[in-house]
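**Q** Predicted structure and sequence below. I'll ask about it afterward.
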Amino acid sequence: MMHRVQCALLAAVAAIGLASVASADDMPANARPVIAPVANWTGCYIGANAGYGWTKKGWVDAGVPEGSNTSAGGLVGGQTGCDYQFASNWVVGIQGMYDWANLNGSHPYTDDTRYIDRSKVSSIATLIGRIGYTVEPATLLYLKGGAAWVDDTFTEECSPAVDVCPGVAKVTRTGWTIGGGLEHEFAQDWSVFIEYNYMDFGRRTETLVYTDASTYDYGIKQNVQTLQLGISYRFSTL
């Protein structure tokens, strides 16, 4: 009886050994362990963002400062662009961003508080170049800079009401921007970012048109600052 049990055990061991050899023979000679993909920033992307913005506007009447206000509010929009990674850790790219905004503010005319000057930013757009450095394969620190545009509405209201009020100017202003941020790839092709931007539009003469078709010029100096969070999907490789 003992002899039969020993024979059965030897047969089982032999079968397991043959199965292991067969399994090894089936594996390709150059088989290697599966390695998770390393983040690659080269490619084009599209995404969405949201944040908060504030803009300082100073009004000047015939060279005399007549008050200023800080218009502030939310913004939401999207971005698209392309990047190229080189020399292992460096990334350069170009990006366009557009955001709808609701930045509102007002102040009384310094020399006559019957007049209220209001400012509103309804959209912001930028076209920038950026350069970054990967502090980790999936984490990019970057600087950006380029051109900026802002859609403004300037309004002068009168209290008590005056027949010619309000006076309104709707304009698009061009300026420059500089900023920076951090972007992290949290899954293959997906990344999130946080960034700060400063935009300067200088001082420009704006002509307000009143209800009786009369006009009045103000010099208005303006800058805009934003803090934004966003998400992007990288859909192609250059």
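**A** Everything's here; your move. Numbers count the residues shown, from 1 in each chain.
**Q** wait, is Ala148 part of a helix?
**A** No: secondary structure of Ala148, determined by DSSP: H, G, I helix; E, B strand; the rest coil: strand, with no helix assignment.
**Q** Check the gap between it and Gly179 for me.
**A** Using C-beta to C-beta, to the nearest Å, one gets 10 Å for the distance from Ala148 to Gly179. All C-beta spots, glycine's among them, are computed from the backbone N, C-alpha and C.
**Q** Strands along the chain, start to end?
**A** Using DSSP state E, the strands of the chain run over 43-61, 64-86, 90-108, 115-136, 139-158, 167-187, 190-209, 215-236.
**Q** Kindly reformat those as a markdown table containing mean pLDDT and mean neighbour count.
**A** Shown next, in a markdown table, are the strands of the chain (pLDDT from 0 to 100; neighbours: other C-beta atoms under 10 Å):
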| stretch | mean pLDDT | mean neighbour count |
| --- | --- | --- |
| strand 43-61 | 96 | 18 |
| strand 64-86 | 95 | 17 |
| strand 90-108 | 96 | 18 |
| strand 115-136 | 96 | 19 |
| strand 139-158 | 96 | 19 |
| strand 167-187 | 97 | 16 |
| strand 190-209 | 97 | 16 |
| strand 215-236 | 95 | 18 |
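**Q** if you skip the residues just before and after it, what's nearest to Gly145?
**A** Nearest non-adjacent residue to Gly145, counting by C-beta to C-beta, 6 or more residues apart in numbering: Ile178, 4.3 Å away.
**Q** That neighbour bridge partners, please.
**A** Residues in a beta bridge with Ile178, per DSSP bridges, are Gly145, Tyr198.
**Q** Quick check, it in contact with Glu195.
**A** No: taking C-beta atoms under 8 Å as the contact criterion, Ile178 and Glu195 are not neighbours in contact, 11.2 Å apart.
**Q** which residues do these two both contact?
**A** Lys144 (C-beta atoms under 8 Å, 6 or more residues apart in numbering).
**Q** Check the gap between Asp112 and Gly67 for me.
**A** For Asp112, the distance to Gly67 (C-beta to C-beta) stands at 10 Å.
**Q** sorry, that was for Gly180
**A** For Gly180 relative to Gly67 (C-beta to C-beta), the value is 32 Å.
**Q** What are the neighbouring residues in contact with the residue lying closest to Gly81 once chain neighbours are set aside?
**A** For Gly81, the nearest residue in space outside its immediate sequence neighbours is Gln95; the separation is 3.3 Å by C-beta to C-beta, 6+ apart. Applying C-beta under 8 Å, 6+ apart to Gln95 gives the contacts 79-81, 126-130, 144.
**Q** Go again with 10 Å.
**A** Shown in contact with Gln95 (C-beta atoms under 10 Å, 6 or more residues apart in numbering): 45, 79-83, 126-130, 142, 144, 146, 232.
**Q** again with Ala39
**A** Each residue near Ala39 by C-beta under 10 Å, 6+ apart is listed here: 85, 134, 136-140, 184-186, 188-189, 191, 234.
**Q** if you set the cut-off to 8 Å instead, what comes out?
**A** Applying C-beta under 8 Å, 6+ apart, one finds that Ala39 lies in contact with 134, 137-138, 185.
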